[in-house]
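Participant: Below is the structure, and that's it, no one-letter string:
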């Protein structure tokens, strides 16, 4: 996708988070900051981001949990991405 956001993640846990907490899960660049991820998601998908949490997995990949405002269901964005 971009240098900040590499690709969306569509595991069972990610789908559950979309449904219950209105969150999307992305694999992001190791040097990406929360602010950069927020701005990039807002720019790419035209949505309002409330919060971004990031972590680096044991395999060395950085993931970002992006919480969207209630105005835009995460399932709609995931459908547009082809995840569902």
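Facilitator: Received, thanks. Given the structure is predicted, the values throughout are model-derived calculations rather than measurements.
Participant: quick one: the helices in the protein?
Facilitator: Counting by DSSP state H, one finds helices in the chain at the ranges 12-21, 34-45, 74-81.
Participant: Looking at those, spot the one closest to residue 6.
Facilitator: helix 34-45 (11.0 Å; C-beta to C-beta). (Glycine included, C-beta is placed from N, CA and C.)
Participant: Report the buried residues of the closest one.
Facilitator: 36, 37, 38, 40, 41, 45 (16 or more other C-beta atoms under 10 Å).
Participant: ditto for stretch 26-34
Facilitator: Applying 16+ other C-beta under 10 Å to stretch 26-34 flags 26, 28, 29, 32 as buried.
Participant: Run through who's touching that stretch.
Facilitator: 3-9, 37, 41, 52-54, 56, 60-64, 66 (C-beta atoms under 8 Å, 6 or more residues apart in numbering).
Participant: now those: which count as buried?
Facilitator: The neighbour-count test (16+ other C-beta under 10 Å) marks 4, 5, 6, 8, 9, 37, 41, 52, 62, 63, 64, 66 as buried among the contacts of stretch 26-34.
Participant: Which residue is the nearest non-sequential neighbour of the fifth one?
Facilitator: Yep, that's residue 9 we're talking about. Closest residue to residue 9 apart from its sequence neighbours, by C-beta to C-beta, 6 or more residues apart in numbering: residue 25 at 4.3 Å.
Participant: Strands - which of the buried residues of stretch 26-34 land there?
Facilitator: The strands, defined by DSSP state E, take in 26, 28 from the buried residues of stretch 26-34.
Participant: any chance of the buried residues of stretch 26-34 in JSON lines, plus pLDDT?
Facilitator: Shown next, in JSON lines, are the buried residues of stretch 26-34 (pLDDT from 0 to 100):
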{"residue": "26", "pLDDT": "98"}
{"residue": "28", "pLDDT": "98"}
{"residue": "29", "pLDDT": "97"}
{"residue": "32", "pLDDT": "96"}
